[in-house]
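# Next one to model:
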Amino acid sequence: MANQMKSPKPDFARGDSMSKKSLSLLFAFSLMCALFLAKPHGLDAAPQKEQVDLIVSGGTVVAMDSGKRVLEDGAVAIRGDVIVAVGPRSEIESRCEAARTIAAQGKIVMPGLINSHAHAAMSLFRGVADDLSLDEWLRKYIFPAEARNVSEDFSAWGTKLSLLEMLRGGITTYADMYYFEDAVARVTKEAGMRGVLGETIIDFPAPDNKTLDQAYAYTQKFLDHWKGDPLIVAAVAPHSIYTLSEKTLEDSAALARKNGAPILIHLAEALFELQQSREKHGLTPVAYLARIGLLGPDVLGAHCIHVTAADIATLAHFGVGCSHNPSSNMKTAAGVMPVIEMLAAGVPVGLATDGAASNNNQDLFEEMNLAAKLQKISRMDPRALPAEQVVEMATITGARALHLEKRIGSLEAGKQADLIIVDPSAPHATPMYNVYSELVFALKASDVRTVIIAGRVIMDERKMLTLHEDEILRKAHEYQKQIIASLAEK
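Sure, this is the predicted structure:
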């Protein structure tokens, strides 16, 4: 009887059914408890936000991407030097968390402007000789003034003056052709700006190199110095067909291509250039450069005014980029670039200021305005070159002209974070109905509030963060006295 009153012990080896059931219930209970305790960090937890460095939030985001998106309440998220996301503000802010947010409500957020042709250091020659033809201006005034004044310091300070003006006007990338280009690159990098910078090759003694051998050696060292830099693209800049022999043109192109560097050249800019080319070579400037093998998808031709239909087809065939410089071309009466035909043929045409000595400023908003109006009046057609197409020339098409469209020119994930914030609230820009029309016909360079290059804020609410404005202006006045004295020399 006593033995019958004892509870049987579970026999695990025989798999006692009651024991198995108890264990199963215990396991299920334990699992439920674990899930309950983990709930705040598990299934129902809010997803973690993506960490970014900067969000530009609100405002009208003009992406200039293939979809031509205009987001009325948009945002751009940036990590390091790259754009992470572009989209509606609510979407970006729910997805991303930033170390800093810039509120852009009521403003325009767009890609930084691209100045596809300049001579930055020539800002110190602003207004030295005006109301002259290009040939007379160059040979009688500019070349002599350069021989007497241009030094490495001159190039550095003149470039700083142009950078100050360009950055204040929303230009984030520029293409340059001048002397002592290593110094130009140094100050451009210090300013945090992006540049495609070409060392000028010319057939007579230049301020930096007195012989071609010296010029080639300097240029090779320059290319080596800046190879792979995230902001600076070092280039070779044979000046033009009217200042260079065929051999020098060929050797310059060979030097560039050996180093994988772009080629910048003045091309079909003036009537005298066209006449000389036909007399000497029996060809237009474009056809001549094609014959000697200089044209290619690594070339940017500045001006490209005096071109035939066959020339335009040649430029398109070789993938040459071209830059349109309306102010400079109008001032020197060089002519009107056939922009519409070139764009229709597939030639990427960027917008440019040229040097401040022939413009006389570095204002790409002014160039947008004039580019549109120049095509309209020259064709007597108000529909020619609409505002949206002009903004493209100053951004994504300008990037294509410089062969940099994979990196810059539009606001897209994966591209470099080069963007500007523009304020359309001034009387001259109020009210706004169409953002492209506003940018081309109403807004001014002075309406740019903030400039960001490679994710770095360069100008914040009109305050320059990388350049010392007072010092630059003081040095410009010092050089003015030197230049005036040099012009009085016999």
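
# helix, strand or coil for Gln51?
Judged by DSSP: H, G, I helix; E, B strand; the rest coil, the three-state class of Gln51 is strand.

# what pLDDT does the residue nearest to it when sequence neighbours are not counted get?
Excluding the flanking residues, the one nearest Gln51 by C-beta to C-beta, 6 or more residues apart in numbering is Glu97, at 5.8 Å. From N, CA and C alone the C-beta is placed, and that goes for glycine too. Predicted confidence (pLDDT) for Glu97: 95.

# Would you mind listing the buried residues in the helix or strand where Glu97 lies?
Using DSSP states H and E, the element containing Glu97 is strand 96-103. By 16 or more other C-beta atoms under 10 Å, the buried positions in strand 96-103 come out as 96, 98, 101-102.

# What is the most widely separated pair among the residues you listed?
The distance between the two most remote of the buried residues of strand 96-103 (C-beta to C-beta) is 13.4 Å, for Cys96 and Ile102.

# my guess is Ile452 contacts Thr466, does it?
No: using C-beta atoms under 8 Å, Ile452 makes no contact with Thr466, being 11.8 Å away.

# quick one: which of the two has more around it?
Remark: of Ile452 and Thr466, Ile452 carries more neighbours, 25 against 17, as counted by other C-beta atoms under 10 Å.

# Show me the beta-bridge partners of that one.
Judged by DSSP bridges, the bridge partners of Ile452 are Leu419, Val457.

# Next one: it from Glu273, what distance?
39 Å (C-beta to C-beta, to the nearest Å).

# before we move on, the earlier item: touching both of Ile452 and Thr466, which residues are there?
Residues touching both Ile452 and Thr466 by C-beta atoms under 8 Å, 6 or more residues apart in numbering: Ile458.

# Is it correct that Glu388 is in contact with Glu438?
No: assessed by C-beta under 8 Å, Glu388 is found out of contact with Glu438, at 11.3 Å.

# list the residues that contact both of Cys96 and Ile102?
The contact lists of Cys96 and Ile102 share Ile55, where a contact means C-beta under 8 Å, 6+ apart.

# next one: the one helix or strand Glu471 maps to to chain centre, how far?
Using DSSP H and E, Glu471 sits within helix 469-487. Remark: helix 469-487 is offset 29 Å from the chain centroid, using C-alpha atoms, centre = their mean, to the nearest Å.

# What of stretch 374-382?
28 Å.

# Need the contact partners of it.
Here stretch 374-382 makes contact (C-beta under 8 Å, 6+ apart) with 326, 330, 336, 339-340, 383-385.

# list the buried ones in it?
Buried residues in stretch 374-382 (16+ other C-beta under 10 Å): 374-375, 378.

# count of neighbours near the closest residue to Glu469 other than its chain neighbours?
Spatial nearest neighbour of Glu469, chain neighbours left out: Leu164 (6.0 Å); criterion: C-beta to C-beta, 6+ apart. For Leu164, the neighbour count with other C-beta under 10 Å is 22.

# For the helix or strand containing Leu164, list every residue counted as buried.
Per DSSP H and E: Leu164 is located in helix 152-168. Within helix 152-168, the residues that count as buried by 16+ other C-beta under 10 Å are 154-168.

# How about the secondary structure of the nearest residue to Arg383 once chain neighbours are set aside?
Nearest residue to Arg383, sequence neighbours excluded (C-beta to C-beta, 6+ apart): Lys376, at 7.8 Å. Of the three states, Lys376 takes helix according to three-state DSSP.

# Report the residue spans of the stretch 351-490 of the chain with pLDDT below the cut-off.
490 (pLDDT under 70).

# all helices for it, in order.
364-379, 387-394, 396-401, 435-437, 469-487 (DSSP state H, counting those that start in this stretch).

# circling back: out of the buried residues of helix 152-168, which one sits closest to Leu315?
Minimum distance to Leu315 across the buried residues of helix 152-168 is 26.6 Å, recorded for Met166 (C-beta to C-beta).

# Thought Tyr174 was touching that closest one, still the case?
Yes: here Met166 lies in contact with Tyr174, judged by C-beta under 8 Å, at a distance of 6.1 Å.

# which residues are common contacts for the two?
Counting by C-beta under 8 Å, 6+ apart, the residues touching both Met166 and Tyr174 are 115, 118, 120, 193.

# Inside helices: which ones of the residues you listed?
Assignment to helices by DSSP state H places none of the shared contacts of Met166 and Tyr174 there.

# Between which two of these is the distance greatest?
Pairwise distances across the shared contacts of Met166 and Tyr174 peak at 11.5 Å for Ala118 and Met193 (criterion: C-beta to C-beta).

# If you count surrounding residues, which of those two has more?
Ala118 (30 against 27).

# Next one, pLDDT for the more buried one please.
Here the pLDDT value assigned to Ala118 is 98.

# for Ala217, same thing?
98.

# Distance of Ser328 relative to Ala371?
Taking C-beta to C-beta, one finds Ser328 at 12 Å from Ala371.

# wait, I meant Tyr479
From Tyr479 across to Ala371, the span is 31 Å (C-beta to C-beta).

# Check Asp381 too.
Asp381 is 14 Å from Ala371, by C-beta to C-beta.

# do the same with Ala417
Ala417 sits 27 Å away from Ala371, going by C-beta to C-beta.

# before we move on, back to that, ok, the residue nearest to Glu469 touching Ile472?
Yes: contact status for Leu164 versus Ile472: in contact at 5.6 Å, counting by C-beta under 8 Å.

# Nice, that's everything, thank you.
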